[in-house]
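> coordinates only, sequence not included:
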């Protein structure tokens, strides 16, 4: 460290961008810290995936093979392209066709419409960046994925909530809201409808099969001066334990003009590799790529080769099957524990999810669950169990419910889930 | 693919965000494509690194060891934290102390001021996002790194160029410009001074030792209503072949309030892993982390463990030594080829860089080098050699020179460099 310090002047504080000031406090950072530290607390909060079913053997085998070839190893260690490794993008098309139950050439898209990102989170952020100006409107379910709400806030965009029921976002409520926005002269500010279509984080609810084509039809019909896009977040799609195998909302968009689809390998394979992807309408390709060029020139090429290799060899498919079995047991365990410990508690209800990582629990209306609530304090300090307060998943106060909790069965062992639910029931009982 | 297509309506075109519309065409995408395709063309354009000196053996050994431990392997495959893997951040402090020639505790910063990103490019983008509003001003050298100019354009920020000479950005010209901006009532819009302090891309010039503390002193003294930060981009710092080992600009910022430093493992180790980092003043920590939380929750944890491991084992240091030797030979080869083939050509001059990946060549003023120039056409089509036109590295037309070329010795073999320079000299000779 050089010692010639310049003359000391008291400096004025930093002045940040408006975007910085719009960005709300990041609950995810807090939750991730919680999930790492505090080893006595059983976390039903963390959205991390199950540690035990991570693909250690698959990764070891694939890398052994890839790195044994000097030429290929060098290719992996070199820069890739901004859009992503071509072979991975081809494998993604195969996976997507598989999920939709069709052949690759029936998908109606090419490799150039697949963009590989640092998790699906980066894709969500890129879409927001290229589409949304401050004051632009995105319609969202209530409750919905809170990190996307935070992305919208950071852009100065307005999230307007649409009522949901056990079939997901209500299409009649969506129509009513669009009608209202048109009456208010705001229709041309509506750019996006954000839909977590499979096992929504936090509610565990999927958009029903009937509503999927309706959503596309509504987006198209209300695209009057301005095209309204649906951003379909299917992050949990491959974590299906039972219930119907639903086609994506995207699959009902015959011309691939109205729906943007994003999925990820974080839940089905490994979040530590940070590989997700989006499928974009043709006129979004350049904007997304240009933005990503400025942001990072492309996600880690090494990791993309690894995932392409496990997909090609069939290791991916068998691993996903294994992961599904593992999470199915965990979900069953959490639901059984809910029956066991919460059934006696008046006014406590919960959703039975067919997939994903979360059980969504509602308490009597008078029992608040927020960070500053009595319940949260009792749960985390006395009973040593952590959950995510449901109020984080609502964007505006008019519809925000304060008596809900998101309970994750991703991280804990079966014993941990059972013990965590027992502790949580104790905390709830002591407040009731 | 489902067949129930909704009724076809002719949809209006997409309306993008203002940011999207500000983003200029991405020359980097074009250049990367060029570097991948067209195998007959010798590319002296691509900023890729040398394929042959990539750390295949180091990566293989480190991963073999890391993945042989199931518990550690699972940790690598799980989510990390937004700020980055703690052990890597500690190793970065050790590396930085090493480069500054001091002990870690003399650096005057803690691990919490180190943020790991997807290459240093993502760090540059994050800094822009949290600091710059449309119309805010960033002072830059001319010529300078064109992808950062593109980041600034995408933010709607104004890049104002400061004259440079063979010692880098002229501090007297910087003073004059700040004085002018104050006179014009624009001083409070100046938020950043962007300085590529080592072997600037494209010019190969380093900021002189004398000017480094001056830059800090100027930034502090002109921080009147608003703190002016220096963003020091030291991406090429470890690629030093000869010449002085310069302390960073950052090292002269005694209170760590005025300089943001970014470096990367892309040039010294592997770009395919996409790991870079920034060192930030304390009051920038939260804004950067919040933004990165929204963007991707953190860069690939797997890759961070890999790099921490090679740093800890000493494999990193020896590899960087090897890489330096390899590039030194390539630089010498390019300079010798320049002497051999260009010496007879009137009015052609070039910089002798002490490090980095580029030789910056100037032609007589009447010879344009741009994408649509006669020279570019002759070089790429007749002679089959590719360079980057110098005009891309200037932000505004008032100072833009159109008779320069950036020649990279990173990717080609010694034979390729020699042959490429010969072809380029032929192209230039045929235009002269």
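Arrived safely. Here the structure is a predicted model, which is why all the values come from computation and not from measurement. Numbers count the residues shown, from 1 in each chain, chains lettered A, B, ... in the order given.

> pretty sure residue A:254 is in a helix, no?
No - if the criterion is DSSP: H, G, I helix; E, B strand; the rest coil, then residue A:254 is coil and not within a helix.

> how close does it get to chain B?
Distance, residue A:254 to chain B, using Cβ to the nearest Cβ, to the nearest Å: 4 Å. Bear in mind the C-beta positions are built from the backbone N, C-alpha and C, glycine included.

> before we move on, what about residue A:340?
29 Å.

> quick one: contacts for that residue?
Contacts for residue A:340 (Cβ atoms under 8 Å, 6 or more residues apart in numbering or on different chains) come out as A:421-422.

> Now name the helix or strand holding it.
helix A:315-342 (DSSP states H and E).

> likewise residue A:375?
Following DSSP H and E, one finds residue A:375 within helix A:374-377.

> where do the strands sit along the stretch 201-350 of chain A?
Remark: strands assigned in the stretch 201-350 of chain A by DSSP state E, counting those that start in this stretch are A:229-233, A:259-264, A:276-279, A:349-350.

> do you know which of the ones you listed lies nearest chain B?
Comparison of these against chain B by Cβ to the nearest Cβ identifies strand A:229-233 as nearest, at 7.5 Å.

> partners of that closest one, with directions?
strand A:190-196 (parallel), strand A:259-264 (parallel) (DSSP bridges).

> how far does the helix holding residue A:340 sit from the chain's center?
19 Å (Cα atoms, centre = their mean, to the nearest Å).

> Same question for stretch A:47-54.
With Cα atoms, centre = their mean, you get 16 Å for stretch A:47-54.

> follow-up on the earlier one: could you list the residues in contact with the helix or strand just after the helix holding residue A:375?
Per DSSP H and E, the first helix or strand lying C-terminal to helix A:374-377 is strand A:385-386. With contacts defined as Cβ under 8 Å, 6+ apart, strand A:385-386 is touched by A:34, A:38, A:41-46, A:379-380, A:420, A:423-424, A:427.

> Find the nearest non-adjacent residue to residue A:371, please.
Closest residue in space to residue A:371, ignoring its immediate chain neighbours: residue A:389 at 6.0 Å, by Cβ to Cβ, 6 or more residues apart in numbering or on different chains.

> repeat for residue A:303
According to Cβ to Cβ, 6+ apart, the nearest residue to residue A:303 is residue A:273 (4.4 Å).

> I'd say that neighbour and residue A:305 touch.
No - if you go by Cβ atoms under 8 Å, residue A:273 and residue A:305 don't touch, sitting 10.7 Å apart.

> Which residue of those two possesses the greater neighbour count?
residue A:273 (26 against 23; other Cβ atoms under 10 Å in any protein chain shown).

> quick one, what contacts that one?
A:265-266, A:300, A:303, A:306-307, B:77, B:300, B:302.

> And for residue A:338?
Applying Cβ under 8 Å, 6+ apart, the residues near residue A:338 are A:350, A:359, A:361, A:421.

> Among these, which one has the most neighbours?
Result: residue A:421 is most packed of the contacts of residue A:338 (other Cβ under 10 Å), 28 neighbours.

> Quick check: that one touching residue A:334?
Yes - in this structure residue A:421 lies within contact range of residue A:334 using Cβ under 8 Å: 6.4 Å.

> Got the confidence number for the residue in the stretch 301-432 of chain A that chain B sits nearest to?
Relative to chain B, the nearest point of the stretch 301-432 of chain A is residue A:301 (3.9 Å; Cβ to the nearest Cβ). pLDDT for residue A:301: 97.

> what's the answer for residue A:298, then?
94.

> out of the contacts of residue A:338, which are inside helices?
residue A:421 (DSSP state H).

> Save the contacts of residue A:338 as JSON lines, and put in distance to residue A:54 and pLDDT too.
JSON lines is the format used below for those (distance: Cβ to Cβ, whole Å; pLDDT from 0 to 100):
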{"residue": "A:350", "distance to residue A:54": "27", "pLDDT": "98"}
{"residue": "A:359", "distance to residue A:54": "22", "pLDDT": "98"}
{"residue": "A:361", "distance to residue A:54": "27", "pLDDT": "98"}
{"residue": "A:421", "distance to residue A:54": "24", "pLDDT": "98"}
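
> Include distance to chain B when you put the contacts of residue A:338 into JSON lines, please.
As requested, those are arranged in JSON lines below (distance: Cβ to the nearest Cβ, whole Å):
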{"residue": "A:350", "distance to chain B": "25"}
{"residue": "A:359", "distance to chain B": "20"}
{"residue": "A:361", "distance to chain B": "24"}
{"residue": "A:421", "distance to chain B": "23"}
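
> Ignoring the adjacent residues along the chain, who's closest to residue A:122?
residue B:296 (4.4 Å).

> contacting residues for the one you found?
A:117-119, A:121-122, A:125, A:274, B:118.

> just residue A:234 next, same as before
Contacts of residue A:234 (Cβ under 8 Å, 6+ apart): A:196-198, A:248, A:261-263.

> Identify the bridge partners of the spatially closest residue to it that is not a sequence neighbour.
With sequence-adjacent residues excluded and distances taken as Cβ to Cβ, 6+ apart, residue A:234 is closest to residue A:263, at 4.9 Å. Applying DSSP bridges to residue A:263 gives these bridge partners: residue A:277.

> residues near residue A:263, how many?
Residue A:263 has 27 nearby residues by other Cβ under 10 Å.

> before we move on, the earlier item: now the strands paired with strand A:229-233 in CSV, with mean pLDDT and distance to residue A:234?
Below are the strands paired with strand A:229-233 laid out as CSV (pLDDT from 0 to 100; distance: least, Cβ to Cβ, whole Å):
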stretch, mean pLDDT, distance to residue A:234
strand A:190-196, 98, 8
strand A:259-264, 98, 5
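
> that older thread, the residue nearest to residue A:122 and residue B:275: what is the separation?
13 Å (Cβ to Cβ, to the nearest Å).

> Overlap of the contact sets of those two?
Joint contacts of residue B:296 and residue B:275 (Cβ under 8 Å, 6+ apart) are residue B:118.

> can you list the residues of the stretch 251-400 of chain A near chain B?
Where the stretch 251-400 of chain A comes near chain B, counting by Cβ under 8 Å from any Cβ of the partner chain, the residues are A:251-252, A:254-255, A:257-258, A:266, A:270-274, A:281, A:283-284, A:287, A:289-291, A:293-303.

> And the next helix or strand past the lowest-mean-pLDDT helix or strand in chain A?
When each helix and strand of chain A is scored by mean pLDDT, DSSP states H and E, helix A:27-36 comes last, with a mean of 55. Going down the chain from helix A:27-36, the next helix or strand is strand A:42-43, by DSSP H and E.

> For residue A:250, see how far away the closest residue to residue A:258 other than its chain neighbours is.
Among residues not flanking residue A:258 along the chain, residue A:219 sits closest, at 5.1 Å (Cβ to Cβ, 6+ apart). As judged by Cβ to Cβ, residue A:219 and residue A:250 stand 12 Å apart.

> Same check on residue A:76?
Counting by Cβ to Cβ, the gap between residue A:76 and residue A:250 amounts to 30 Å.
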